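A.B. asks: Sequence first, then the predicted structure, then my questions.
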Amino acid sequence: MGVDESPCRPQSLDMENPSRRGLLIVLSSPSGAGKTTISRKLMEADPTITMSISATTRAPRPGEEDGKDYHFVTDEAFQHLVDEGELAEWAYVFDHRYGSPKEPIKEALKAGRDILFDIDWQGTQQLRSAFGNDLVSIFILPPSMKELERRLHDRKTDSEDVIAGRMRRAAGEIGHWGEYDYVLVNEQVEDCLSEVQAIVTAERMRRNRRPYLTDFTRQLVERPNN
Ligand SMILES: Nc1ncnc2c1ncn2[C@@H]1O[C@H](COP(=O)(O)OP(=O)(O)OP(=O)(O)O)[C@@H](O)[C@H]1O
Ligand SMILES: Nc1nc2c(ncn2[C@@H]2O[C@H](COP(=O)(O)O)[C@@H](O)[C@H]2O)c(=O)[nH]1
């Protein structure tokens, strides 16, 4: 049973208004630990979650689609987004610029929809400052550095140089694990996915994300015979 079918949901809830505040779900990890894999599976299992599609100045990898995996933009176009205040956060990652467009976040929050981010620690810090309690952050660790390198090679999307650069920066990224609400080890994908799903379920149930409970508890107390 989903949260919205719960018997604890008040009958008088105004269906025109979202029944719950939307949630910003942030996944970070060193490159190759499995954020993209987990994100895709999470959205497959729960299509109500939408992905924040980042803008980036890096070149598309084989198979990546503009507007689906990223908005691939030039340096000039990225600068324009920054100047116009259209990004909720942005950062240099591996010598390219990456940023999260503001508008889809505003739309999701307004509609009470959850939105998922695959971003680094710098972006997470910026979103936390901007969105505070509406954000839940999850850090994903690889089981070992050897396995991380194996996954980057196995993915077959990056050159040896790029992989070496990402491995050099992995320790720095991992150094930020303590800033996250939850820290998981992605050993088996399905186990890690279940853990992420458990976090999302629990976070959706938080009192501050269910404003209708105020009315419901008042009704319980004021009309005990209903
Ligand atoms: N638990 C796992 N066991 C084995 N392989 C995995 C696991 N999780 C992900 N992988 C594989 O590891 C590779 C890297 O995964 P993925 O692209 O999801 O990482 P990422 O964290 O999103 O990387 P980046 O930050 O570079 O985007 C992929 O080939 C993926 O299929
Ligand atoms: N701060 C941000 N970081 C982002 C964003 N989009 C992606 N990323 C991070 O960049 C690296 C590299 O990604 P890749 O697709 O080139 O492998 C990875 O850690 C992502 O999490 C963003 O909008 N802002």
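C.D. replies: Received the coordinates, thanks. Numbering: from 1, shown residues only. Ligands and ions are numbered 1, 2, ... in the order given.
A.B. asks: For ligand 2, give me its nearest residue in this structure.
C.D. replies: Of all residues in the chain, residue 123 sits closest to ligand 2, at 2.5 Å by CB to the nearest ligand atom. To be clear about C-beta, it is placed using only N, CA and C from the backbone, and glycine gets the same treatment.
A.B. asks: Pull the residues that contact stretch 138-153.
C.D. replies: 25-35, 38, 158, 163, 166-167, 170, 174, 176-177, 179-187, 192, 196, 199 (CB atoms under 8 Å, 6 or more residues apart in numbering).
A.B. asks: which residues of this protein fall in helices?
C.D. replies: Per DSSP state H, the chain carries helices over the ranges 35-45, 75-83, 102-111, 121-131, 145-155, 160-174, 189-204, 213-222.
A.B. asks: and stretch 186-195 with ligand 2, contact?
C.D. replies: No - using CB under 6 Å from any ligand atom, we find that stretch 186-195 stays clear of ligand 2, coming within 13.8 Å at best.
A.B. asks: Now do the buried residues in that stretch.
C.D. replies: 186, 192-193, 195 (16 or more other CB atoms under 10 Å).
A.B. asks: now swap in stretch 192-209 and tell me
C.D. replies: Judged by neighbour count (16+ other CB under 10 Å), stretch 192-209 contains these buried residues: 192-193, 195-196, 199-200, 203-204, 209.
A.B. asks: May I ask which two of those are separated the most?
C.D. replies: 192 and 209 (23.5 Å; CB to CB).
A.B. asks: Would you tell me which residues of this structure are close to ligand 1?
C.D. replies: Of all the residues in the chain, those in contact range of ligand 1 (CB under 6 Å from any ligand atom) are 29, 31-37, 151, 154-155, 186, 188-189.
A.B. asks: pretty sure residue 211 contacts residue 112?
C.D. replies: No - using CB atoms under 8 Å, residue 211 is not in contact with residue 112, being 10.0 Å away.
A.B. asks: list residues touching both of these two?
C.D. replies: Shared contacts of residue 211 and residue 112, counting by CB under 8 Å, 6+ apart, come down to 20-21.
A.B. asks: of those two, who's got more company?
C.D. replies: Set residue 211 next to residue 112 and count neighbours by other CB atoms under 10 Å: residue 112 wins out with 17 against 14.
A.B. asks: The more buried one contacts residue 23, doesn't it?
C.D. replies: No - Residue 112 is beyond contact range of residue 23, at 9.2 Å (criterion: CB under 8 Å).
A.B. asks: rewinding a little: give me the buried subset of the contacts of stretch 138-153.
C.D. replies: 25-35, 38, 158, 163, 166-167, 170, 174, 176, 180, 182, 184, 186, 192, 196, 199.
A.B. asks: what's the average pLDDT for stretch 205-221?
C.D. replies: Taken as a whole, stretch 205-221 has a mean pLDDT of 90.
A.B. asks: With stretch 28-38 instead?
C.D. replies: 97.
A.B. asks: That stretch vs ligand 2: in contact?
C.D. replies: Yes - Stretch 28-38 reaches ligand 2 (CB under 6 Å from any ligand atom) through 31, 35.
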